[in-house]
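Novice: Sequence and computational prediction follow.
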Amino acid sequence: MSAIETLGLTKQYGGLASSIALPGHARAPGVRALEELTIEVREGEIFGFLGPNGAGKSTAIRLLLGFLQPTAGRAAVLGFDSVRDSVEIRRRVGYLPGGIAFWDNLSGERLLDELADLSGRAPTRRAVLLDRLELSAATLRRPVREYSRGMRQKMGIIQALQHDPELAILDEPSEGLDPLMQRAFYGILDDLRRDGRTVFFSSHVLSEVERVCDRVAIIRLGRLVALEEVPALLARRKRNVELRLGGLPPELVGVAGVSDVEVGDGWLTCRLEGDVGPFLAAIAGSVIHDLTIEPARLEEAFLEFYEADLDAEPPKAIPA
Amino acid sequence: MNRALLAHTWRANRLRVAVVTVALLVWGTLLPIIFDAFGTQFQDLFDSGAFPPQFAQFGGGDIFSLTGAVALGFVHPIAVGLNLVFAVGFAAAAVAGERQRGTLEVLLSRPLSRRRVYATLALAGALFIAIAIAGLTFGSLLGAAITGRTTELGAGNLPLLWLNGVLLYSAFGAIGLLASVSFDRLSPALSLTLAVVLISYFLDVLGSLWPDAKGLQPLSLFHYVDPKSVLAGFPERADFAVLAVVIALAVGAALAIFPRRDLAAPS
């Protein structure tokens, strides 16, 4: 069974397809926030959901949790329909909203207790999470209104995971965490992976996604533009290569995977794609003082999908 | 109804409930004492013709009898204002306020249906109103006891008066909660609910002071609370029914709207 499965999931705000229109729901008419999203998240994997602000990440998450009604298509979470069975879904899921807010007058401990009560499940993971994120008992006794942004984010992560959910849906989870706490958070993700839990998280911190995710989906203007395993995505990227030469440069024109060759006085640069074997064979006879092959970065892959949008194409407006 | 949410709501509001209830109890106690101390002088003042006779029947209450004084205590702006802390303040903020603060996200990410959340908040609101009105009602009894006039009060009818008051403010509360589930921000929900209460109050007071405007009184929910008649042992069943119908309609509308609403990410 898939942890998450969407089929043609579409959400349009405003216009005739809007599910309900009430005063105070100020939305631009006919904006399609998500268009025919079809993805499958496998059980036990850490799945990254990438896109810049406004791409439709939060809309997709809110559709999965039943906060929004789909305009078209359907979604199933842990086998439950997102519209019909949203309560069952939320019973099994831990959710960290982006920019989370709390009842600030409560102490940290009281807040976690009340949220555990509302979840109806014992907070079996709380102690481990508190330890990993270095939240002390003294800190938990203080009112949440005195917490810094980073401490609030830690509380957000703990409330989402303390009841050991089968699936964690995390919206920008490392936002506001310092580098040490980000590392601690990655440790938590490793724990979840080891225990067979599924994590679906949205982010625009590409290095983080590259580091922790098994697979990624990239959405652009509400549409899915890529869905594949991180290593496979990176393997197709062109890597920058630099050679410091002690003699004549090797002949690289026509070598499989090599492009953009530039030669200077004692140096050579090129771009390398795919298998490194033909390139190594081509330089084998040359005198080389130094060789640098920069690893492929998810950022480049991501930016490639967005190159066409750098001049900011607005979301599609649909006639009401 | 969800027990954990009810307990959370109670903990968040218990101090407010205590303060309002004590304030209403004190207010309820004062009216019989004022009547006992100054009732005759007020009667003489009005008999002298210094004030128009309509002024003696403000909102259906007066200060010339114990039941009139208690009735005045129920409809006086001070009592109305205190009761609105829950009927308007709590009700309008219950969902729209949480949504504006961003805490509704955290609440609705728990395994709670929106109907259950609504039912729990509605029950909590009704409970707060019931406790506050009990303070006012008990205060009236206490004031009558202090002045030695318990027998004049018709204490056996006090539970019915309490129920009448609870129904009135629960009706406003149901309207407030309907507004609350319909808006993303607190201010429109609060403004709308307050407008309903103020217009309602204005129409009732206007009708009681100006005979030509009497026809407008049935448009006011305050018209369906008549403490003097209830205490006299002649409650109007239709009044209770009208308030119950208003509550039922508001609850029905909220239960239809809230579960179907799109809750987009807070902006």
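Specialist: Good, I have the coordinates. Numbering: from 1, shown residues only, chains lettered A, B, ... in the order given.

Novice: only C-alpha atoms for contact and neighbour calcs from this point on.
Specialist: Fine.

Novice: Give the other helices and strands that the helix-or-strand element of chain A with minimal mean pLDDT contacts.
Specialist: Ranked by mean pLDDT, DSSP states H and E, the weakest helix or strand in chain A is helix A:298-306, scoring a mean of 71. Helices and strands touching helix A:298-306, by 3 or more C-alpha pairs under 8 Å, 6 or more residues apart in numbering or on different chains; DSSP states H and E, are helix A:206-212, strand A:215-220, helix A:230-235.

Novice: Just tell me which of these ends up closest to chain B.
Specialist: strand A:215-220 (17.7 Å; C-alpha to the nearest C-alpha).

Novice: Give me the distance from that closest one to the chain's centre.
Specialist: Distance, stretch centre to chain centre, for strand A:215-220: 8 Å (C-alpha atoms, centre = their mean, to the nearest Å).

Novice: who touches that strand?
Specialist: A:45-52, A:55-57, A:209, A:224-230, A:302, A:305-306 (C-alpha atoms under 8 Å, 6 or more residues apart in numbering or on different chains).

Novice: in the least confident helix or strand of chain A, what's buried?
Specialist: A:298, A:300-302, A:306 (16 or more other C-alpha atoms under 10 Å in any protein chain shown).

Novice: repeat for stretch B:128-144
Specialist: B:128-144.

Novice: And for stretch B:182-202?
Specialist: B:182-190, B:192-194, B:196-197, B:200-202.

Novice: do the same with stretch A:42-55
Specialist: The neighbour-count criterion (16+ other C-alpha under 10 Å) identifies A:42-52, A:55 as the buried residues of stretch A:42-55.

Novice: Nearest to A:L189, out of those residues: which one, please.
Specialist: Of all the buried residues of stretch A:42-55, A:I46 has the smallest distance to A:L189: 8.0 Å, by C-alpha to C-alpha.

Novice: same for the longest helix along chain A, what does it pack against?
Specialist: When every helix of chain A is counted residue by residue (DSSP state H), the longest turns out to be helix A:179-194. Packing partners of helix A:179-194 (3+ C-alpha pairs under 8 Å, 6+ apart): helix A:126-132, strand A:198-203.

Novice: And for B:A92, the neighbour number?
Specialist: 32 (other C-alpha atoms under 10 Å in any protein chain shown).

Novice: Can you verify my assumption that it contacts B:L194?
Specialist: No: B:A92 sits out of contact with B:L194 when judged by C-alpha atoms under 8 Å, with a separation of 9.2 Å.

Novice: Could you list the residues in contact with stretch B:174-182?
Specialist: In contact with stretch B:174-182 (C-alpha under 8 Å, 6+ apart) are residues A:22-24, B:87-88, B:91-97, B:122, B:186, B:189-190, B:192-193, B:247, B:250-251, B:253-254, B:257-258.

Novice: repeat that for 7 Å
Specialist: Residues from elsewhere that reach stretch B:174-182 (C-alpha atoms under 7 Å, 6 or more residues apart in numbering or on different chains): A:22, B:87-88, B:91-96, B:189, B:193, B:247, B:250-251, B:254, B:258.

Novice: which residues does the closest residue to chain A within the stretch 101-250 of chain B contact?
Specialist: Closest residue of the stretch 101-250 of chain B to chain A, C-alpha to the nearest C-alpha: B:P111 (4.7 Å). The contact partners of B:P111, taken as C-alpha under 7 Å, 6+ apart, are A:87-88, A:90-91, A:119.

Novice: Those residues: which ones sit near chain B?
Specialist: Among those, proximity to chain B is found for A:87-88, A:90-91, A:119 (C-alpha under 7 Å from any C-alpha of the partner chain).

Novice: Is it possible to get JSON lines of these that adds distance to B:D44?
Specialist: Below are the ones next to chain B among the contacts of B:P111 laid out as JSON lines (distance: C-alpha to C-alpha, whole Å):
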{"residue": "A:V87", "distance to B:D44": "66"}
{"residue": "A:E88", "distance to B:D44": "70"}
{"residue": "A:R90", "distance to B:D44": "68"}
{"residue": "A:R91", "distance to B:D44": "69"}
{"residue": "A:S119", "distance to B:D44": "65"}
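
Novice: Give me the subset of those residues lying in strands.
Specialist: Applying DSSP state E to these, no entry is found in strands.

Novice: From the residues you listed, list just the buried residues.
Specialist: By 16+ other C-alpha under 10 Å, the ones next to chain B among the contacts of B:P111 give A:87-88, A:90-91, A:119 as buried.

Novice: Could you measure from A:L135 over to B:Q43?
Specialist: A:L135 is 69 Å from B:Q43, where distance means C-alpha to C-alpha, to the nearest Å.

Novice: Now the residue in the stretch 151-267 of chain B positioned nearest to chain A: closest residue in space that isn't a chain neighbour?
Specialist: Ranked by C-alpha to the nearest C-alpha, the top residue of the stretch 151-267 of chain B for proximity to chain A is B:D262, at 4.6 Å. Spatially, and ignoring its direct neighbours in sequence, B:D262 is nearest to A:L68 (4.6 Å; C-alpha to C-alpha, 6 or more residues apart in numbering or on different chains).

Novice: Correct me if wrong, but the one you found is in a helix.
Specialist: No: if the criterion is DSSP: H, G, I helix; E, B strand; the rest coil, then A:L68 is coil and not within a helix.

Novice: Test my guess that it contacts B:L263.
Specialist: Yes: contact criterion C-alpha atoms under 7 Å: A:L68 and B:L263 qualify, at 5.8 Å.

Novice: On the three-state scheme, the residue of the stretch 151-267 of chain B closest to chain A is what?
Specialist: coil.
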